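>>> dropping a prediction and its sequence here:
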Amino acid sequence: EVPTATLPGWVITELPTAIGDDAAAITRGDHDASFLSHPGNAVRAVPDAPLWFRLRFDADWTSSEPPVLVVRNAGYGHVTLYAPPDYRAQSLWLTKPDPQARFSRHAMAFMLPAGLRADQSLYLRFDRVRVERKPVVAVTDMASYQAADLRHVRVVTLFSATQLTMVLVGLCLWLALRDRVYALFVAYSGLQLVYLLLVSGEFYDLPLGVLPDLLGQRASWILAMLSATLSISFILEFCQLPRETPRSATVLGAMRWPYMVALFALVVPVDWPARDIAMPPLANLMLLIGALIATVVVAYAALHRNRAAMFFLVAWMPQVVFTALRVTQLILHLPQPTWLEYGFPFTTSFSSVIVVLGLADATLRARRERDVAKRLAEYDGLTGVLNRRAISRCLENQFAEATALKQPLALLFVDLDHFKAINDRHGHLIGDHCLKAVADTLADELQDGEYFGRYGGEEFLAVLPGATHAEAIATGERLRKRVEHLSIETDGVRLHLTASIGVAGLLAGADSPDKLVERADAALYRAKAEGRNRVCTHAPLAATGRA
Ligand SMILES: Nc1nc2c(ncn2[C@@H]2O[C@H](COP(=O)(O)OP(=O)(O)OP(=O)(O)O)[C@@H](O)[C@H]2O)c(=O)[nH]1
């Protein structure tokens, strides 16, 4: 707030509109007698009718700091000051680019001459000042004004920078992940940022500052409607409402229509004075209703354990509360306290931070689900070793590499002996336990770079890249012995198993992974036929000694 406490008193008087608008005559003092006393320092404003005020101090200005005349809440109004000694017109707009700006856009501030005397008048002409805004005129000294202005700039910078950071984070996530939900976040939060800068006035001094000026006061309403429409699309997508709570999603989705109708009414290039008067309260009311519906819908989804909805609720609640307070203040034409003024940028940037956290949380969950799905797709649910598809793919890859590099490759086909008897005697659960124990043991016995998987039932494959015939047989023997010496204790029963193993290696000429499996299977058949609990190689291979 602009400090006024230590200043001399001053009197503001208003010129009846009937006197006219002749600036030269008024500032010469011709109509000084017609100025009527004015209660308080709030300016009565009528759209499109210029109003004249006269200001006088009740004592000379003695401070070495020059006085500053501050006009706040003039919105899109245009204020012109005529001050001594020359009564030259000095105009200020908050909502137009100002290349000579000396202060922030927090208020219109005019520097007055340092030695202003009590008998000198100041004249102020207000143009297009909106009634419900209640512009406030104050006088302060330069040092106090600059200190207050700097505080304001710090606050606006902090909130805008936070919002900008969140928009950039969203943009990076969108570029990396290409998910529509990030694009919607960037769109609505980016528009909120522009809106923040527009209502604080700072946007007008940015490179594109002339653009909103072309649309006048409609610019901020267009932004608000567009951002509200996109934020509903974002909520629907982020909380996955159409899937989780379809009926309330339809209700919330329908709220976008009135916003779009309002948007259309705002952008049609027709001069329609009623629109400028009707739009602020109407748009405020629509935004409030939309915010309340969104809150109810998201709260309902959160009650149904929708995690994204919980995040959004936390992000959204402070903003809804402040929007409600701000709209109430505007509708009741109350003055705006400082905490309410900064409540909007604070809750907006707070909301963006929480939503970005929610987006990160959703990304993390999606990654975990993908990892679980990948595990389920590649690993056998019972034994935890590679499943048939994964070990077959692994064999294909190793086969292609070995063929290309002309290196050996061996395959072991492992099958437990008389496993049916274990199941029949001890039951399927104990059978399962045995399968897991054997798979753990064999996978543990193999070395890095060797692959082990369950081919089906009680059959396993081991892929041994680079293994020669002798090495493959030695590995097969090791595996066979590990199974033979394995003592599985379950439910008080101690079980011993054996395994038969078939060994096959690459053959020169036309070969394939399937043929390799076939040969390993044939070798396994031999091992079974020759009495089980043994390692056999495929016949031609045994003869040539290759693997
Ligand atoms: N517990 C359990 N048993 C399984 C599973 N998959 C296959 N089996 C059983 O494994 C047994 C395989 O039996 P067979 O193919 O007749 O062979 P075997 O009894 O091991 O005899 P040989 O292989 O000739 O030594 C069947 O009883 C299947 O029900 C499984 O996931 N869990």
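Received the coordinates, thanks.
>>> and the host helix or strand of Glu518, what other elements does it pack with?
Using DSSP states H and E, Glu518 falls within helix 513-529. Here helix 513-529 touches helix 388-405, strand 409-416, strand 499-505, strand 535-537, helix 539-544, going by 3 or more CB pairs under 8 Å, 6 or more residues apart in numbering; DSSP states H and E. Backbone N, C-alpha and C define where each C-beta goes, glycine included.
>>> that helix to strand 499-505, inter-axis angle?
Using axes from the mean of the first three to the mean of the last three CA atoms, to 10 degrees, one finds that helix 513-529 and strand 499-505 are set 140 degrees apart in direction.
>>> so which bits of helix 513-529 are buried?
Residues 513, 516-517, 519-524, 526-527 are the ones in helix 513-529 that count as buried (16 or more other CB atoms under 10 Å).
>>> how about stretch 417-430?
Along stretch 417-430, the positions that meet the burial threshold by neighbour count (16+ other CB under 10 Å) are 417, 419, 422-423, 426, 430.
>>> cool, and stretch 241-256?
Using 16+ other CB under 10 Å as the test for burial, stretch 241-256 gives 241, 244-245, 248-249, 252-253, 255-256.
>>> would you mind putting the buried residues of helix 513-529 into JSON lines with distance to the ligand and pLDDT alongside?
What follows is these, written out as JSON lines (distance: CB to the nearest ligand atom, whole Å; pLDDT from 0 to 100):
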{"residue": "Pro513", "distance to the ligand": "23", "pLDDT": "95"}
{"residue": "Leu516", "distance to the ligand": "21", "pLDDT": "95"}
{"residue": "Val517", "distance to the ligand": "17", "pLDDT": "96"}
{"residue": "Arg519", "distance to the ligand": "18", "pLDDT": "94"}
{"residue": "Ala520", "distance to the ligand": "15", "pLDDT": "96"}
{"residue": "Asp521", "distance to the ligand": "12", "pLDDT": "96"}
{"residue": "Ala522", "distance to the ligand": "15", "pLDDT": "95"}
{"residue": "Ala523", "distance to the ligand": "14", "pLDDT": "96"}
{"residue": "Leu524", "distance to the ligand": "9", "pLDDT": "97"}
{"residue": "Arg526", "distance to the ligand": "13", "pLDDT": "95"}
{"residue": "Ala527", "distance to the ligand": "10", "pLDDT": "96"}
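>>> now render those residues as TSV, adding distance to Phe312.
Rendered in TSV, the data for the buried residues of helix 513-529 read as follows (distance: CB to CB, whole Å):
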residue	distance to Phe312
Pro513	51
Leu516	55
Val517	53
Arg519	60
Ala520	56
Asp521	57
Ala522	62
Ala523	62
Leu524	59
Arg526	66
Ala527	63
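>>> residues near whichever residue of the chain sits closest to the ligand, how many?
Nearest residue of the chain to the ligand: Gly431, at 2.6 Å (CB to the nearest ligand atom). Gly431 has 20 neighbours, counted by other CB atoms under 10 Å.
>>> likewise for Leu215?
The number of residues packed near Leu215 is 15, by other CB under 10 Å.
>>> in contact with it, which residues are there?
Shown here is Leu215, whose contacts under the criterion CB atoms under 8 Å, 6 or more residues apart in numbering are Ile222.
>>> the one 4 residues further on too?
Contact analysis of Ala219 by CB under 8 Å, 6+ apart lists 198, 211-213.
>>> how close does the residue of the chain closest to the ligand get to Gly457?
When CB to CB, to the nearest Å is applied, the distance between Gly431 and Gly457 equals 10 Å.
>>> over to Phe57?
On the measure of CB to CB, Phe57 and Gly457 end up 101 Å apart.
>>> more neighbours: which of these two?
Counting neighbours by other CB under 10 Å for Phe57 and for Gly457 shows that Phe57 has the greater number, 21 against 11.
>>> surely the more buried one is in contact with Asp119?
No. Phe57 lies out of contact with Asp119 (CB atoms under 8 Å); the separation is 9.2 Å.
>>> and stretch 416-435, average pLDDT?
Averaging pLDDT along stretch 416-435 gives 94.
>>> mind listing residues that contact that stretch?
When contacts are taken as CB under 8 Å, 6+ apart, the neighbours of stretch 416-435 outside the stretch itself are 382-383, 438, 454, 457-458, 483, 488, 490-491, 493, 495, 497-500, 528, 532-533.
>>> what strand or helix carries the residue nearest the centre of the chain?
When the chain is reduced to its mean C-alpha position, the closest residue under CA atoms, centre = their mean turns out to be Val356, at 3.6 Å. In the assignment (DSSP H and E), Val356 maps to helix 338-378.
>>> and that helix, what does it pack onto?
The criterion is 3+ CB pairs under 8 Å, 6+ apart, and the helices and strands that helix 338-378 contacts are helix 142-177, helix 180-199, helix 218-238, helix 307-331, helix 388-405.
>>> redo those helices as CSV? Include distance to Pro281 and mean pLDDT.
What follows is those, written out as CSV (distance: least, CB to CB, whole Å; pLDDT from 0 to 100):
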stretch, distance to Pro281, mean pLDDT
helix 142-177, 26, 95
helix 180-199, 16, 94
helix 218-238, 11, 93
helix 307-331, 6, 88
helix 388-405, 64, 95
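>>> which one of those lies closest to Ala283?
Judged by CB to CB, the one of the helices and strands packed on helix 338-378 that comes nearest to Ala283 is helix 218-238, at 5.2 Å.
>>> next structured bit after that closest one?
Next along the chain from helix 218-238, counting by DSSP H and E, comes helix 241-244.
>>> how far away from the center of its chain is stretch 178-194?
Taking CA atoms, centre = their mean, to the nearest Å, one finds the center of stretch 178-194 at 7 Å from the center of the full chain.
>>> and stretch 268-280, by the same measure?
From the chain centre to the centre of stretch 268-280 is a distance of 34 Å (CA atoms, centre = their mean).
>>> just stretch 117-127 next, same as before
For stretch 117-127 - counting by CA atoms, centre = their mean - the centre lies 50 Å from the chain centre.
>>> the ligand contacts on the stretch 301-450 of the chain?
382, 415-420, 423, 428, 431-432, 435 (CB under 6 Å from any ligand atom).
>>> correction: the previous question concerned the chain.
For the chain, the residues found near the ligand under the criterion CB under 6 Å from any ligand atom are 382, 415-420, 423, 428, 431-432, 435, 457-458, 528, 532.
>>> now with 8 Å, please.
Taking CB under 8 Å from any ligand atom as the test, the list of the chain residues beside the ligand reads 382, 415-424, 428-432, 434-435, 456-458, 500, 528, 532.
>>> torsion angles phi and psi at Pro408?
Phi and psi for Pro408, reported as degrees, to the nearest 10, are phi -70, psi 160.
>>> same deal with Tyr455?
phi -90, psi -30.
>>> for it, what are its contacts?
Contact partners of Tyr455, counting by CB under 8 Å, 6+ apart, are 388, 391, 413, 461.
>>> now do the SS call for Pro207.
Three-state assignment for Pro207 (DSSP: H, G, I helix; E, B strand; the rest coil): coil.
>>> how about it, phi and psi?
Main-chain torsions, Pro207, degrees, to the nearest 10: phi -50, psi -30.
>>> what about it, how many residues nearby?
With neighbours defined by other CB under 10 Å, the count for Pro207 comes to 7.
>>> low-confidence regions, the stretch 401-547 of the chain specifically.
Counting by pLDDT under 70, the stretch 401-547 of the chain contains low-confidence residues at 539-547.
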